[in-house]
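Enquirer: this one's sequence-less:
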């Protein structure tokens, strides 16, 4: 279970552009760095991030080894209707984490 921080307004007016900030606790190990024993640490990165708003994809990103640990992603979307934003992170070694936040549109 990963720790996520998601920041967005809890309410918005219909048609308003809202800003969304996400952070997930993850080491993002590149697979190139040596460990304390001199052996290369195995690669462990988040490869994909997506956000669905009421089951419609509104944002996605591909992440690469150059991304920092605990990746921070910010983006905008338009508030169209009350519902749920579902955030999904997928990565190496079968890593998959999802989190959801409700948005009330007036």
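Expert: Everything's here; your move. The structure displayed is predicted, hence computed values, not measured ones. Residues are numbered from 1 along each chain as shown.
Enquirer: C-alpha from now on. contacts and neighbour counts both.
Expert: Noted.
Enquirer: Quick check: residue 93 is in a helix.
Expert: Yes: under DSSP: H, G, I helix; E, B strand; the rest coil, residue 93 falls within a helix.
Enquirer: That one touches residue 46, doesn't it?
Expert: No: counting by C-alpha atoms under 8 Å, residue 93 sits too far from residue 46 to count as a contact (9.6 Å).
Enquirer: which parts of stretch 98-106 are buried?
Expert: 102-105 (16 or more other C-alpha atoms under 10 Å).
Enquirer: what two of those residues have the greatest distance between them?
Expert: Using C-alpha to C-alpha, these reach their maximum pairwise distance at 102 and 105, which is 9.8 Å.
Enquirer: residues shared between the contacts of these two?
Expert: Residues touching both residue 102 and residue 105 by C-alpha atoms under 8 Å, 6 or more residues apart in numbering: 82-83.
Enquirer: returning to that earlier point: in strands, which of the buried residues of stretch 98-106 fall?
Expert: 102-105 (DSSP state E).
Enquirer: Spell out the residue ranges of the helices in the chain.
Expert: In order along the chain, the chain carries no helices (DSSP state H).
Enquirer: which regions of it lie under the pLDDT threshold?
Expert: 1 (pLDDT under 70).
Enquirer: give the contact list for the closest residue to residue 67 other than its chain neighbours.
Expert: Among residues not flanking residue 67 along the chain, residue 28 sits closest, at 7.1 Å (C-alpha to C-alpha, 6 or more residues apart in numbering). Contact partners of residue 28, counting by C-alpha under 8 Å, 6+ apart, are 43-46, 65, 67-70.
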